[in-house]
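>>> no FASTA, just this:
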């Protein structure tokens, strides 16, 4: 019973729409009608600049960390419920009940969850992200590859219990699936690159 409650609490923590609230507070608009339509830090930056990005990113990371640590405390460190709560927190951000289940892509909240599960592996994931972006200049590609690498690193380096590895893999899968539009644009060659202006789509 406590485990199920911890997962529900993790979902509710993850569903706190900080990006939406910050933009609503500062500009009086729904951030989801702008840019990518996400409530995440990158879309907030399109509306409020770097300060909005940092504020949203830190808060979203924080709620991911809090969800996992709280679940660990509530359940006495039971791996299955910690893993379930990790996934629930990311689901909460992506599908927040407060916003009719229209949320973000889960990257920052995922970073927080991953930090709570395996902080050293997160450092390596960030290095992978930086290398991919430096070579190919696609932030989305860096996010996808780095996210996919996390459960692999947790399994082979941390030798974590199976539930934790599965929780990491489940969280990573949600984040990758939420990047489906980016993946489609990557295959089509229309995804925007760092330092390059978006090219206009040819007329049909």
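Now that the structure is in, tell me what you want to look at. Quick caveat, the model's predicted, so the values are computed rather than measured. Numbers count the residues shown, from 1 in each chain.
>>> all the helices of this structure, residue numbers only.
Per DSSP state H, the chain carries helices over the ranges 2-14, 18-27, 41-75, 79-94, 107-117, 119-136, 139-153, 162-177, 180-188.
>>> could you give the mean pLDDT of the last one?
In this model, helix 180-188 has an average pLDDT of 94.
>>> show me how far that helix is from its chain's centre.
18 Å (CA atoms, centre = their mean, to the nearest Å).
>>> in it, which of the residues would be classed as buried?
Buried residues in helix 180-188, defined by neighbour count with 16 or more other CB atoms under 10 Å: 182, 186. C-betas here are computed from N, CA, C, even on glycine.
>>> what's the burial count for residue 177?
By other CB atoms under 10 Å, the residues close to residue 177 number 12.
>>> tell me who's in contact with it.
Residue 177 makes contact with no residue under the criterion CB atoms under 8 Å, 6 or more residues apart in numbering.
>>> equivalent analysis for residue 183, please.
Taking CB under 8 Å, 6+ apart as the test, what residue 183 contacts is 140, 144, 176.
>>> burial count for the last one?
Pointing back at residue 176 there. Neighbours of residue 176 (other CB under 10 Å): 19.
>>> surely it and residue 144 touch.
Yes - with contact defined as CB atoms under 8 Å, residue 176 reaches residue 144; the gap is 5.5 Å.
>>> and which of the contacts of residue 183 is nearest to residue 127?
For the contacts of residue 183, the residue nearest residue 127 by CB to CB is residue 144; the value is 15.5 Å.
>>> need the pLDDT of the closest one.
At residue 144, pLDDT is 96.
>>> tell me how many other residues crowd it.
By the measure other CB under 10 Å, the count of residues near residue 144 is 21.
>>> can you pull the contacts of it?
Counting by CB under 8 Å, 6+ apart, residue 144 touches 176, 179, 182-183.
>>> the same query, at a cut-off of 7 Å, please.
Contacts for residue 144 were tallied using CB atoms under 7 Å, 6 or more residues apart in numbering; they are 176, 179.
>>> measure it to residue 11 for me?
Per CB to CB, to the nearest Å, residue 144 is found 24 Å from residue 11.
>>> for the helices of the chain, give me a markdown table that also has distance to residue 33.
Formatted as a markdown table, the helices of the chain follow (distance: least, CB to CB, whole Å):
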| stretch | distance to residue 33 |
| --- | --- |
| helix 2-14 | 22 |
| helix 18-27 | 10 |
| helix 41-75 | 10 |
| helix 79-94 | 18 |
| helix 107-117 | 21 |
| helix 119-136 | 28 |
| helix 139-153 | 21 |
| helix 162-177 | 23 |
| helix 180-188 | 17 |
